[in-house]
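**Q** test case, fold it:
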Amino acid sequence: MQHAVGAPLPPPEPSGWPQGAGRPAMAHGGHQAPPPHPVPPAPPQAPRPAPPGPPQAHLPAAPPAPGWTGTVPSHPGQPAQAPRDTTGHVQLPPVAMPAPPAAEPGTGTATLAVLLIGPAGAGKTTVARHWAQRRRVSTAHISLDDVREWVCSGFADPQSGWNEHSEAQYRLARRTCGFAARNFLANGISCILDDAVFPDRPVVGLGGWKRHVGPGLLPVVLLPGLEIVLERNAERSGNRRLSDEEVASIHGRMAGWYGSGLPIIDNSTYDVETTARVLDEVLARSIASPPAW
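**A** Here you go, the predicted structure:
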């Protein structure tokens, strides 16, 4: 700004006066008015929080350089990720999966109806009783010969041969055994029956047992060699002992079970304990795959 020649120059701006704040007012007579009291600066205010908005996506951290063995830094503004399988940055022990329950050997606790077939002297009554006594669940043993001997007067003795009286008492004993077996099964009690069932008489023998007990009956044939059968028959007494000729005839007829599809156990070299164990294993397979008969 230019001034007229000879005109007095404006007084200089006082030191410390804010630049651009303008000149102070002049008092009357050209003297400078006293400067106003300085205004104290406003106290600093905290920054206002940003309004809430959608979360910002963070870019994944760059992969570490080859050969880097340190910790990979996380993206700025992103919390550091805890290692996997941790809680509160405390390493947890590995949790092992529970092992599947071991399969029970043999028949286990299954409720069964078993028919043990065999000639006289095969040991079917002794094996059936032993198997029933060793099971972990309630199991009854029903012997057809024992039920037949319930008839005290007029008993049709097997030593007298097979006739109409023997046939009638046999059928009656079989129906009684089947009735008892169904009652046991209805109350959750397994049962094993033994009888000398002939394969050449399916309607009277195996078919009759199936009708009286039920379709779930599991038949197993116990068939040792003829020499073993004759030896065991010789140890019997009373009406349980048969002639050697009759024993050999029955054993020969029992050979017809081979090829029938029924499981057959040759217990010629087995003791009672081993035969009962083998029987349990055979029954376990029959449960998984019932025989067609």
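**Q** please count neighbours and contacts with C-alpha atoms only from this point.
**A** Will do.
**Q** quick one: low-confidence ranges for the stretch 1-150 of the chain?
**A** For the stretch 1-150 of the chain, the stretches with pLDDT under 70 are 1-104.
**Q** repeat that with 90
**A** 1-106 (pLDDT under 90).
**Q** contacts only, for Phe179.
**A** Residues counted as contacts of Phe179 (Cα atoms under 8 Å, 6 or more residues apart in numbering) are 212-213.
**Q** what pLDDT does it get?
**A** Note on Phe179: pLDDT of 96.
**Q** would you confirm that Thr111 contacts Phe184?
**A** No: if you go by Cα atoms under 8 Å, Thr111 and Phe184 don't touch, sitting 9.9 Å apart.
**Q** if I look at these two, which residues touch both of them?
**A** With Cα under 8 Å, 6+ apart, Thr111 and Phe184 have common neighbours Ser190.
**Q** please enumerate the helices of this structure.
**A** 124-134, 144-148, 164-186, 206-213, 226-234, 244-254, 272-288 (DSSP state H).
**Q** TSV for the ones you listed, including distance to Ala196?
**A** Formatted as TSV, the helices of the chain follow (distance: least, Cα to Cα, whole Å):
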stretch	distance to Ala196
helix 124-134	9
helix 144-148	9
helix 164-186	11
helix 206-213	10
helix 226-234	13
helix 244-254	9
helix 272-288	17
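**Q** and of these, who's closest to Leu262?
**A** Evaluated over the helices of the chain, closeness to Leu262 peaks at helix 272-288, with 9.3 Å, by Cα to Cα.
**Q** tell me the angle that closest one makes with helix 124-134.
**A** Computed by axes from the mean of the first three to the mean of the last three Cα atoms, to 10 degrees, the angle separating helix 272-288 from helix 124-134 equals 80 degrees.
**Q** I'd like to know which elements helix 272-288 is packed against.
**A** Contact here means 3 or more Cα pairs under 8 Å, 6 or more residues apart in numbering; DSSP states H and E; on that basis helix 272-288 packs against helix 124-134, strand 218-222.
**Q** give me whichever of these is most buried.
**A** Ranked by mean neighbour count, the helices and strands packed on helix 272-288 are led by strand 218-222 with a mean of 23 (mean count of other Cα atoms under 10 Å).
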